[in-house]
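**Q** Coordinates for the following, if possible.
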Amino acid sequence: MVEQALSVPGSASLAGLCIGIAVVAAAGVPAARWYAGVRGDEPSPTRRAATLRTGVAVAVWLSLTGALAGSGALANFESFPPPVMPVVLASFVLTFVLAFSRFGERLARDLPLSLLVGYQGFRVVVEIMLHRASEEGVIGQHMTWSGLNFDVVTGLTGLGLGLWLWRREQGQPQPRALLWVWNLLGLGLLATIVGISILSMPGPLRQFGGPPNVWIADFPFVWLPTIMVTAALFGHLLVFRRLLGPMKKAS
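**A** Numbering: from 1, shown residues only. Model (predicted):
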């Protein structure tokens, strides 16, 4: 019999932190599209239209996932897979599609490499949120930096590497080997915590004790996998596109 779990929404401050991170991460997508257009000398009308479309699409995704979680439609963990899993899977599929579309090509080609790397520093704040959630008994300690989640390393090294790339003299070649190692490490750490999260959900796959991972089916915490994790994944995929593209000088 599949274990039944009650949602543990956490404190108002925890929810507020989650909303803040998600909104900033989501707003960064149209901002990045606009900035890439500026750097790529895109005509102003085209840039404005693309930025507007991007902003509307992001707002729709935020609203859709938030509404599904807020309605309680994702909170049933008696069935397998739980209804939150198709939503998370759809988020990942959409992320890959966007990263390898013309939209992703524009960002990977025209955004500064220092920005593509350094923006992953937002994961430090996500890890602070996870630590707070563990202290409140919402998730198990194994999902934080006190347990098996070392994703904070990606955030900290991303900040440092991004700053170093930004301060390098113009015209210097990309440190491609270093970027490959860092990007693969960050993607691996991201995949690790995603796997741990899945194995912490109620159901036949559960391998970890402590509070079950059910909070991602609640509003606003559904935005952890559907916005924050996908934002990190999207960034890694863009760096891969940049590294696999034509050789460019550091920027």
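**Q** Please make it C-alpha for all contacts and neighbour counts, starting now.
**A** OK.
**Q** need the strands for the stretch 101-250 of the chain, in chain order.
**A** Ranges of strands within the stretch 101-250 of the chain: none, based on DSSP state E, counting those that start in this stretch.
**Q** which stretches of it have low pLDDT?
**A** 169-171, 246-250 (pLDDT under 70).
**Q** same thing but 80
**A** Applying pLDDT under 80 to the stretch 101-250 of the chain picks out residues 169-173, 246-250.
**Q** which stretches of the chain form helices?
**A** Taking DSSP state H as the criterion, the chain carries its helices at 12-39, 44-70, 84-99, 102-110, 113-118, 122-135, 152-167, 176-198, 223, 230-244.
**Q** how about CSV for those helices, with distance to Gly209 added?
**A** CSV is the format used below for these (distance: least, Cα to Cα, whole Å):
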stretch, distance to Gly209
helix 12-39, 22
helix 44-70, 24
helix 84-99, 20
helix 102-110, 39
helix 113-118, 34
helix 122-135, 13
helix 152-167, 22
helix 176-198, 11
helix 223, 24
helix 230-244, 26
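**Q** most neighbours per residue, which of these?
**A** Comparing the helices of the chain by mean neighbour count (mean count of other Cα atoms under 10 Å), helix 223 ranks first with a mean of 26.
**Q** what sits up against that helix?
**A** 18-19, 22, 62, 65-66, 216 (Cα atoms under 8 Å, 6 or more residues apart in numbering).
**Q** quick check, nearest of those residues to Arg53?
**A** Leu62 (14.3 Å; Cα to Cα).
**Q** Do you know the pLDDT at the closest one?
**A** What the model reports for Leu62 is a pLDDT of 97.
**Q** who's in contact with it?
**A** Neighbour list for Leu62: 26, 223, 227 [criterion: Cα under 8 Å, 6+ apart].
**Q** now these in TSV, with distance to Tyr119?
**A** Below are the contacts of Leu62 laid out as TSV (distance: Cα to Cα, whole Å):
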residue	distance to Tyr119
Ala26	13
Trp223	18
Ile227	14
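**Q** Would you mind checking which of those is nearest to Leu94?
**A** Closest approach to Leu94 among the contacts of Leu62 (Cα to Cα): Ile227, at 11.3 Å.
**Q** need the contact list for the residue nearest to that closest one when sequence neighbours are not counted.
**A** In space, and not counting its chain neighbours, Ile227 is closest to Ala22: 6.1 Å by Cα to Cα, 6 or more residues apart in numbering. Residues near Ala22 by Cα under 8 Å, 6+ apart: 223-224, 227-228.
**Q** Looking at the residues you listed, spot the one nearest Gly158.
**A** Met228 (15.5 Å).
**Q** so how far is Gly37 from the nearest residue to the closest one once chain neighbours are set aside?
**A** Leaving aside its sequence neighbours, Met228 sits nearest to Ala22 (Cα to Cα, 6+ apart; 6.3 Å). Distance from Ala22 to Gly37, counting by Cα to Cα, to the nearest Å: 24 Å.
**Q** Kindly report the same for Leu52.
**A** Leu52 sits at a distance of 12 Å from Gly37 (criterion: Cα to Cα).
**Q** got the contact list for stretch 91-101?
**A** Residues outside stretch 91-101 that contact it (Cα under 8 Å, 6+ apart): 104-105, 225-226, 230, 233-234, 237-238, 241.
**Q** go again using 7 Å as the cut-off
**A** With Cα atoms under 7 Å, 6 or more residues apart in numbering as the test, stretch 91-101 has contacts from 104, 226, 230, 234, 237-238.
**Q** Just the CA trace of that stretch, in CSV.
**A** Presented in CSV, the C-alpha positions along stretch 91-101 are these (Å, rounded to 0.1, in the frame of the first residue of the first chain):
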residue,chain,number,x,y,z
SER,A,91,9.2,21.3,-17.1
PHE,A,92,12.4,19.4,-17.9
VAL,A,93,11.3,18.6,-21.5
LEU,A,94,10.3,22.2,-22.1
THR,A,95,13.7,23.3,-20.8
PHE,A,96,15.6,21.1,-23.2
VAL,A,97,13.4,22.2,-26.1
LEU,A,98,14.0,25.9,-25.3
ALA,A,99,17.7,25.4,-24.8
PHE,A,100,18.2,23.9,-28.2
SER,A,101,15.8,26.2,-30.0
